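Asker: After the sequence you'll find the predicted model.
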Amino acid sequence: MEKDLLTAGGLNLESRIFIGSGKFPDNSLIPEIIKAAGAQVITVAVRRFDFDNPKENILNFIPQNVKIMPNTSGARNAAEAVKIARIAKAAAQTDLIKIEIINDNKYLLPDNYETAKACEILAKEGFKVFPYMNADLYAARDMKNAGAAAVMPLAAPIGTNKGLQTKEMIRILIEEAGLPVIVDAGIGRPSDACACMEMGCEAVMINTAISTSADPVLMAKAFAFAVKAGRNAYAAGIGEKSETARASSPLTGFLNGD
Amino acid sequence: MSFYDFKKQYDGFDFKNFCRNLSDLEIVKIINKENLSETDFLALLSPKALNRIEDMAQKASAISTKHFGKSVLLYAPLYVSNFCINNCVYCGFSTANAIKREVLNFKEIEDNCKIVSGYGIRHILLVCGESPVKTSLEYLQECIKILRKYFDCVDIEIYPLEESGYEQLREAGADGLAVYQETYDEDLYKILHTKGAKTNYRYRIETCERAGRAGYRSLNVGALLGLNDFVSEMFFAGLHAKYLQKNFPQSEIGISFPRLRPAAGGYEPKTIISDKHIIQAICAVRLFINRINVSVSTRESNALRKNAIPLGITRLSAASSTQVGGYAKSGKDSDGQFKINDGASVEDVKKMIYEKGYQPIMKDWLSF
């Protein structure tokens, strides 16, 4: 049987969970979380890279076989994101970059316009760009035209655990954007992640729901099962919902001589 | 509309009467709300809300964890001068106090930077008294450029400037601004500040707005608790933070809860602010403004700082010296702005944070 791989930005991944790293009580938990989730990609804020402090530098806790995707957390516009991305490339030796441009410190909503601008600059420089975005089709098309490898729409404002609030907009992105859709932010429960995968999202990114759980390792496992279940269901083809029971065909049965 | 004008809607508001008429049921309902109004916030600062302090703490803890995870950033202040033209009766730097005055030269600043960065501190707060002659804008620009070589984030707590002054310091490398209103009561403010540039209440209360327009990444406010009654001061400090968050969305907003500490001059607080008050303020602010940085300095005891971590403290100072250039001095050469209450080392503070199940963060920004 052919492997069901997520292909984006030069990555060919068996795992469809991306893990965020910003909220753990202890970096030493990271290897266990990655293992429990079966994740192959972890995002790390460049602002937290700390090469002067090897004991606490988050990069030193990430297993060798896991891809580091630096993010531009803290950038308020395209120019800042571009500078942070270039620092990330030199420091982490990767051309993967998750663009986060946030100019609203209450809800931390991404700025799609600045994000598309940063996509264009960084993609031209050879970065594999994964933009965090508000679920908006026009913005997704701009990012695709700018050379993005995927789009990462939010399900709900970051850190809220409110689940798939932007479901219909994400469905439209899956149908129309022409890029892998990786849902980022707001996923609070494994069932939310499962729902994303059932819809046809290529992957989900989880941070708060795992890191703030009383048992992060167990929660990571729960997400792994949920994502797998959702993906399998999507691959198998999910039956349509119906408002009424359909035991027979009262209107067209006569065509078969019923 | 500036915060000065915004605040006028509460001129003559009867805080005591409002608090007296609150019921326990109202407090419970407010704690369970997702979005709190301004008067909901006020209710949580009332004496009645103290009966529900555990419920408030549980909710504050849950909100903080969702927004900030289990981590606390460490920073340290660097005092570069205690020259001051103001006579704030509660402050050790007041002109009325016959203390030894000094201003660090650039070599001394480098010496202090080497020591503080050697502790592992990467976020620094530059502090000085108000003396545009001894600590001119040009002097502060040079200080910031030096600090920038040693630290990833440089915040400033200096005398209020015009917007253009903030722009110049931002270009030199300043990231954020902390400025405390001391008291939000305009009449009391005028009594406490009778000399120097600080006499202008409106100019001080609009300081963060000028820095916000100058593009500062973080703006931190607070009232000096003990100068006036707890409820109204915390109410206006919280409103001020909320106003800044709405009007300057590009800036991270923070709040501190400085309590009057013994200092030269021996000023006696008008109101005694208990540990319970500080905890109540931390929780009420978190419920009112979910996403806000909360700092607790070494003015507070080690025990209070430790127990407040799960309630949503996002920043703690560590190994602080409030003496001018205090890190590079073995003995006590000059008087500090106030007496330190938690003298724990950076390593001890980190250990304390880990013991509470949180991660100490030394670096959360980068120079570019």
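Answerer: Received, thanks. Note that the coordinates shown come from a computational prediction; the quantities given were computed from them, not determined experimentally. Numbers count the residues shown, from 1 in each chain, chains lettered A, B, ... in the order given.
Asker: which residues pair with the residue nearest the centre of chain B across the strands?
Answerer: Most central residue of chain B, judged by C-alpha distance to the mean C-alpha position with CA atoms, centre = their mean, is residue B:256 at 3.6 Å. When bridges are taken as DSSP bridges, the partners of residue B:256 come out as residue B:295.
Asker: Can you show me the strands along chain B?
Answerer: For chain B, the strands defined by DSSP state E occupy B:71-81, B:123-128, B:153-157, B:176-178, B:218-221, B:252-256, B:293-296, B:315-317, B:359-361.
Asker: Each with direction, which strands does the fourth one pair with?
Answerer: Right, the one you point to is strand B:176-178. Based on DSSP bridges, the pairing partners of strand B:176-178 within the sheet are strand B:153-157 (parallel), strand B:218-221 (parallel).
Asker: coming back round to it: with distance to residue B:235 and mean pLDDT as added columns, please give the strands of chain B in JSON lines.
Answerer: Any C-beta I mention is one placed from the backbone N, CA and C, and that applies to glycine too. Written out in JSON lines, the entries for these read as follows (distance: least, CB to CB, whole Å; pLDDT from 0 to 100):
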{"stretch": "strand B:71-81", "distance to residue B:235": "26", "mean pLDDT": "94"}
{"stretch": "strand B:123-128", "distance to residue B:235": "26", "mean pLDDT": "95"}
{"stretch": "strand B:153-157", "distance to residue B:235": "23", "mean pLDDT": "97"}
{"stretch": "strand B:176-178", "distance to residue B:235": "20", "mean pLDDT": "97"}
{"stretch": "strand B:218-221", "distance to residue B:235": "13", "mean pLDDT": "97"}
{"stretch": "strand B:252-256", "distance to residue B:235": "12", "mean pLDDT": "96"}
{"stretch": "strand B:293-296", "distance to residue B:235": "16", "mean pLDDT": "94"}
{"stretch": "strand B:315-317", "distance to residue B:235": "22", "mean pLDDT": "93"}
{"stretch": "strand B:359-361", "distance to residue B:235": "31", "mean pLDDT": "92"}
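Asker: Tell me which of the ones you listed lies nearest to residue B:103.
Answerer: strand B:71-81 (3.9 Å; CB to CB).
Asker: Next to chain A, which bits of chain B? Give me the list.
Answerer: Contacts of chain B with chain A, taken as CB under 8 Å from any CB of the partner chain, map to B:65-71, B:120, B:122, B:217, B:245-246, B:249-253, B:291, B:354, B:357-366, B:368.
Asker: Separate out the buried members of those.
Answerer: Burial of these was assessed by neighbour count (16 or more other CB atoms under 10 Å in any protein chain shown); the buried members are B:65-71, B:120, B:122, B:217, B:245, B:249, B:251-253, B:291, B:358-366.
Asker: Wait, a helix at residue A:79?
Answerer: Yes - when DSSP: H, G, I helix; E, B strand; the rest coil is applied, residue A:79 is found to be in a helix.
Asker: now it: how far from residue A:122?
Answerer: 12 Å (CB to CB, to the nearest Å).
Asker: more crowded one of those two?
Answerer: residue A:122 (26 against 15; other CB atoms under 10 Å in any protein chain shown).
Asker: sorry, back to before: now the strands of chain B as TSV including distance to residue A:31?
Answerer: Putting these into TSV (distance: least, CB to CB, whole Å) gives the following:
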stretch	distance to residue A:31
strand B:71-81	18
strand B:123-128	27
strand B:153-157	29
strand B:176-178	34
strand B:218-221	33
strand B:252-256	31
strand B:293-296	30
strand B:315-317	27
strand B:359-361	15
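Asker: what is the mean pLDDT for stretch B:302-310?
Answerer: Per-region confidence: stretch B:302-310 scores 91 on mean pLDDT.
Asker: would TSV of the strands paired with strand B:176-178 with mean neighbour count and distance to residue B:189 be doable?
Answerer: What follows is those, written out as TSV (neighbours: other CB atoms under 10 Å in any protein chain shown; distance: least, CB to CB, whole Å):
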stretch	mean neighbour count	distance to residue B:189
strand B:153-157	24	18
strand B:218-221	25	15
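Asker: closest to residue B:180 out of those?
Answerer: strand B:218-221 (6.9 Å).
Asker: Can I get that closest one in CSV, CA atoms only?
Answerer: What follows is the C-alpha trace of strand B:218-221 in CSV, where atoms were taken according to Å, rounded to 0.1, in the frame of the first residue of the first chain:
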residue,chain,number,x,y,z
SER,B,218,5.8,47.2,25.1
LEU,B,219,4.1,49.7,27.4
ASN,B,220,3.9,49.0,31.1
VAL,B,221,1.8,51.0,33.6
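Asker: For the residue of chain B found nearest chain A, report the pLDDT, please.
Answerer: For chain B, the residue closest to chain A is residue B:69, as judged by CB to the nearest CB, at 2.2 Å. The predicted local distance difference test score for residue B:69 is 88.
Asker: Just to check, residue A:224 is in contact with residue A:38?
Answerer: Yes - Residue A:224 lies in contact with residue A:38 (CB atoms under 8 Å); the separation is 4.9 Å.
Asker: low-confidence ranges in the chain?
Answerer: Defaulting to chain A. Along chain A, the parts satisfying pLDDT under 70 run over A:1, A:244-250, A:257-258.
Asker: think we crossed wires, I meant chain B
Answerer: Counting by pLDDT under 70, chain B has low-confidence residues at B:262-265, B:330-340.
Asker: how deep is residue A:54 tucked in, by neighbour count?
Answerer: When neighbours are defined as other CB under 10 Å, residue A:54 has 9 of them.
Asker: Give me the three-state assignment for it.
Answerer: Three-state call for residue A:54 (three-state DSSP): coil.
Asker: How about it: what's its closest non-neighbour residue?
Answerer: residue A:60 (5.9 Å; CB to CB, 6 or more residues apart in numbering or on different chains).
Asker: SS state for the one you found?
Answerer: At residue A:60, secondary structure determined by three-state DSSP is helix.
Asker: For it, give its distance to chain B.
Answerer: Spatial separation of residue A:60 from chain B under the definition CB to the nearest CB, to the nearest Å is 14 Å.
Asker: What of residue A:136?
Answerer: Distance, residue A:136 to chain B, by CB to the nearest CB: 19 Å.
Asker: hang on, that residue packs against residue A:169?
Answerer: Yes - Residue A:136 sits in contact with residue A:169 when judged by CB under 8 Å, with a separation of 6.9 Å.
Asker: shared neighbours of residue A:224 and residue A:38, anything?
Answerer: By CB atoms under 8 Å, 6 or more residues apart in numbering or on different chains, residue A:224 and residue A:38 have these common neighbours: residue A:17.
Asker: quick one, helices of the stretch 151-258 of chain A?
Answerer: Taking DSSP state H, counting those that start in this stretch as the test, the helices found in the stretch 151-258 of chain A are A:167-176, A:190-199, A:208-211, A:216-236.
Asker: Distance from the shortest one to the middle of the chain?
Answerer: Just to be clear, that refers to helix A:208-211. Helix A:208-211 has its C-alpha centroid displaced from the chain centroid by 14 Å (CA atoms, centre = their mean, to the nearest Å).
Asker: for the residue of chain A found nearest chain B, helix, strand, or coil?
Answerer: Proximity of chain A to chain B (CB to the nearest CB) peaks at residue A:23, 2.2 Å away. Under three-state DSSP, the three-state class of residue A:23 is coil.
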